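Chemist: Prediction below, plus the sequence it came from.
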Amino acid sequence: MSNSTDNAKPFVAASSIDYASGAVVSKTILKNAAGNISLFAFDAGEGLAEHSSPHAALVQVLDGEAEITIGGLPHMLHAGECLLMPANVPHALKATQAFKMMLTMIKG
């Protein structure tokens with residue numbers, strides 16, 4: 001999707017990205033100076049190693065479940081749940097089953 005009003009129509013986020021066996025798939029929905037919105041699909045057992053970002057982000061779980069650790073504290077998230085990840089705090093993610101999420105990152 002782009003910023004064009006041609007794309008200003010409803011869509012189902014979970015259906016907009018597919019799983020890939022043994023992989024993590026990502027798709028950018030929107031990117032501009034204020035931040036970005038991305039979709040991710042993680043196969044079971046896949047994840048992201050601990051890292052940090054200078055920007056706050058909101059994780060919205062679209063399908064499946066994952067353990068997201070923020071500042072050393074694990075959180076089990078399921079479809080329909082959200083989690084705020086503060087800026088500059090180390091975090092990691094592990095898909096405990098196939099898992100899709102929308103990540104909204106806010107710069108500033």
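Modeler: That came through, no problem. Being a predicted model, the structure only gives us computed values, none of them experimental.
Chemist: For burial, what's the neighbour tally of I70?
Modeler: Counted with other CB atoms under 10 Å, the neighbours of I70 add up to 19. C-beta here means a position set from N, CA and C on the backbone, and glycine is covered the same way.
Chemist: bridging residues for it?
Modeler: L73, H91 (DSSP bridges).
Chemist: residue boundaries of the strands in this structure?
Modeler: 24-32, 35-42, 47-51, 56-63, 65-70, 73-78, 82-85, 91-95, 99-106 (DSSP state E).
Chemist: Mind listing residues that contact the shortest one?
Modeler: Spelled out, that is strand 82-85. Outside strand 82-85, the residues that touch it by CB atoms under 8 Å, 6 or more residues apart in numbering are S53, A56, A57, L58, V59, Q60, V61, I68, I70, H75, L77, H91.
Chemist: list the contacts for the last one?
Modeler: Under the criterion of CB under 8 Å, 6+ apart, the contact partners of H91 comprise E50, H51, S52, I68, T69, I70, G71, M85.
Chemist: List just the nearest of those residues to A95.
Modeler: I68 (10.1 Å; CB to CB).
Chemist: burial of that closest one, as a residue count?
Modeler: 21.
Chemist: Just confirm it contacts E81, I think it does.
Modeler: No - I68 is beyond contact range of E81, at 10.1 Å (criterion: CB atoms under 8 Å).
Chemist: Assess the claim that M101 and I68 are in contact.
Modeler: No - if you go by CB under 8 Å, M101 and I68 don't touch, sitting 9.1 Å apart.
Chemist: List the residues that are in contact with both of these two.
Modeler: Joint contacts of M101 and I68 (CB under 8 Å, 6+ apart) are V59.
Chemist: about what we covered before: identify whichever of the strands of the chain lies nearest to N7.
Modeler: strand 24-32 (9.5 Å).
Chemist: Provide the angle between the direction of that closest one and the direction of strand 91-95.
Modeler: Strand 24-32 runs at 130 degrees relative to strand 91-95, counting by axes from the mean of the first three to the mean of the last three CA atoms, to 10 degrees.
Chemist: That's all I had, so thanks and see you.
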